[in-house]
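Asks: build me a structure from this.
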Amino acid sequence: MEDKEFLGELCGKYLTMPPSNEGGKMKFSKFIYATLASFFGMLVPFFPMPTFTFQVWLTMLVIANVVLLLLSVFAFRGAKLMIPLSYAFAVIMFLNGLLHITGSFFLGRFLPGVYSSPVLLIASSFLILRARQID
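Replies: I've put the predicted structure just below:
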């Protein structure tokens, strides 16, 4: 398996992992998310963290997966445009993983998504390294 295929599969598996600690009874707490969004909004005022419902979040996640699937055609063809997009996507993934872990420390309990955050940090680091090698 080539590195590009492995990377695509790794990121795809992460993005489609069922949120086991969020699923079922939907314990997605709007209060906890709103608290964290305001806290990180104070720390980093230029980075807007929106507050939205679970349905909106899930819709945006599905749209992002479809867009990434469509972009994978260009990645497998080796399009040069994919290198800066890979950097941007890797930074977003890395920050997302860090925010889940930091939020857990801030609240003193495990938040939804914190168990899969190490996978996200590893996958994003690998993507940055591969993009640097190709670039």
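
Asks: from here on, contacts and neighbour counts on C-alpha atoms
Replies: Noted.

Asks: mind checking the longest helix of this structure?
Replies: Longest helix in the chain by number of residues (criterion: DSSP state H): helix 82-107.

Asks: which other helices and strands does that one contact?
Replies: On a contact count with 3 or more C-alpha pairs under 8 Å, 6 or more residues apart in numbering; DSSP states H and E, helix 82-107 meets helix 117-134.

Asks: for the helix it packs on, name the packing helices and strands.
Replies: Against helix 117-134 (3+ C-alpha pairs under 8 Å, 6+ apart) you get helix 3-15, helix 82-107.

Asks: worst mean pLDDT among those?
Replies: Mean pLDDT across the helices and strands packed on helix 117-134 is lowest at helix 3-15; the value there is a mean of 47.

Asks: show me the shaky parts of this structure.
Replies: 1-36, 39-40, 47, 49, 51 (pLDDT under 70).

Asks: do that again at 50, thanks
Replies: Applying pLDDT under 50 to the chain picks out residues 1, 3-4, 6-8, 10-18, 20-28.

Asks: next, count neighbours for the residue nearest to residue 113 when sequence neighbours are not counted.
Replies: Distances taken as C-alpha to C-alpha, 6 or more residues apart in numbering put residue 100 closest to residue 113, at 6.4 Å, once the chain neighbours are dropped. Using other C-alpha atoms under 10 Å, the number of residues around residue 100 comes to 21.

Asks: wait, isn't residue 100 in contact with residue 109?
Replies: No. Assessed by C-alpha atoms under 8 Å, residue 100 is found out of contact with residue 109, at 11.0 Å.

Asks: which residues touch the residue nearest to residue 113?
Replies: 111, 112, 113, 114, 117 (C-alpha atoms under 8 Å, 6 or more residues apart in numbering).

Asks: look up how far residue 114 lies from residue 105.
Replies: 10 Å (C-alpha to C-alpha, to the nearest Å).

Asks: who's more crowded, these two?
Replies: The neighbour comparison of residue 105 against residue 114 (other C-alpha under 10 Å) goes to residue 114, with 20 against 12.
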